[in-house]
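Asks: Provided below are the primary sequence and the corresponding predicted coordinates.
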Amino acid sequence: MAASSTNTLPLSIVATTVLIQFRAVNALGAVPAAAAASLGIAQQGAAIGEPAPIVVLGTAIGEAGAAVAVGAALETDALGRFITRTAGVPVGRALTAGTLGTQLEIFLIPN
């Protein structure tokens, strides 16, 4: 089954780095560092200076950076993808399973 989402609070942010669809975005409009806090998930890609729609509350589609199990707590990798949390800032919980490069539904955790 394809991943779906329920976007409760979408916002727009100006990209300060190139943003890639379905990857994490921080409050500065950039890709967060590995294991760092994120504001939400980009719903489409954006070039530097362009506005980008991001989901900050609810569920959103995210790109897996490794194998992820249903229910796993998530953090970001250095590319803004979502991986199973080890010691980083928890940014979400996997509602569907995924493998490297696949899309999964993520319940976003404000952080």
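Replies: Nice, thanks for sending it over. Residues are numbered from 1 along each chain as shown.

Asks: What number of residues are in the vicinity of the residue lying closest to residue 39 once chain neighbours are set aside?
Replies: The spatial neighbour of residue 39 that comes closest, neighbours along the chain excluded (C-beta to C-beta, 6 or more residues apart in numbering), is residue 27 at 4.7 Å. For every residue, glycine as well, the C-beta is placed using N, CA and C. Here the number of neighbours of residue 27 (other C-beta atoms under 10 Å) works out to 12.

Asks: what sits against residue 27?
Replies: Each residue near residue 27 by C-beta atoms under 8 Å, 6 or more residues apart in numbering is listed here: 13, 37, 39.

Asks: just curious, which of those is nearest to residue 50?
Replies: Proximity of the contacts of residue 27 to residue 50 (C-beta to C-beta) peaks at residue 13, which lies at 10.0 Å.

Asks: Which other helices and strands does the top strand by length along the chain contact?
Replies: Scanning the chain for the longest strand, with DSSP state E as the assignment, gives strand 51-63. Here strand 51-63 touches strand 7-14, strand 24-25, strand 40-42, strand 103-108, going by 3 or more C-beta pairs under 8 Å, 6 or more residues apart in numbering; DSSP states H and E.

Asks: Low-confidence bits of this structure, can you list those?
Replies: 1-3 (pLDDT under 70).

Asks: May I have the secondary structure class of the closest residue in space to residue 26 that isn't next to it in sequence?
Replies: Distances taken as C-beta to C-beta, 6+ apart place residue 32 nearest to residue 26, at 4.2 Å, with adjacent residues excluded. Using DSSP: H, G, I helix; E, B strand; the rest coil, the secondary structure recorded for residue 32 is coil.

Asks: Please give the number of neighbouring residues around residue 32.
Replies: For residue 32, the count of nearby residues is 24 (other C-beta under 10 Å).

Asks: That one contacts residue 25, correct?
Replies: Yes - under the criterion of C-beta atoms under 8 Å, residue 32 makes contact with residue 25 at 7.4 Å.

Asks: End to end on stretch 30-40, go ahead and measure it.
Replies: 11 Å (C-alpha to C-alpha, to the nearest Å).

Asks: Distance from it to the middle of the chain?
Replies: Its chain's C-alpha centre and that of stretch 30-40 lie 8 Å apart, by C-alpha atoms, centre = their mean, to the nearest Å.
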